[in-house]
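Colleague: Sequence first, then the predicted structure:
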Amino acid sequence: MIEELSDDRFCFVCGERNPEGLHVDFYLEDDKAIGEFVALKKYQGYKDIIHGGIISTLLDEAMVKVALLKGILCVTAEITIRFRSPLKVGERIRIEASIDKISKNIVFASASAKKGTGTLVAEAHAKLVRQV
């Protein structure tokens, strides 16, 4: 278990002090963490297709963030991601995450990334370990 977690605003996904970060702002709406991301060319894998690792990172962050926005400090223990449709350079996605269940030490969360058209890019499920 991690002894102490602190935020120095250098998170790769949401840290405003990280010059190389994704700079995604998440907010809580209807019990969901919501964020948006525009896919830049520097994040591509194959030509004009955003690397799956970037999408995975966004989904992971969203699930931890929904817990954090609800006052639950946790870290990812297990994550499963299913890719449904490619995300192309220049496209915008909306990331949504919610808590499905909370047990004594585990938070079960899910997330999705969708294009403006509603097309599902990817979905994820995670087990997050509570930090106390």
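Modeller: That came through, no problem. Predicted model only: the values in this text are computed from it and were never measured.
Colleague: Okay, helices next: where are they in this structure?
Modeller: Secondary structure of the chain (DSSP state H): helices at 52-69.
Colleague: Any regions of it where pLDDT drops low?
Modeller: Judged by pLDDT under 70, the chain has its weakly predicted residues at 1-3.
Colleague: residue ranges for the strands of it, please.
Modeller: In the chain, the strands defined using DSSP state E lie at 27-29, 32-38, 74-83, 92-102, 106-115, 120-130.
Colleague: and among those strands, the most buried is which?
Modeller: strand 106-115 (a mean of 21; mean count of other CB atoms under 10 Å). (Glycine included, C-beta is placed from N, CA and C.)
Colleague: Which residues does it contact?
Modeller: Strand 106-115 is contacted from outside by 37, 55, 58-59, 62-64, 66-67, 72, 74, 77, 85, 87, 91-102, 120-130, using CB atoms under 8 Å, 6 or more residues apart in numbering.
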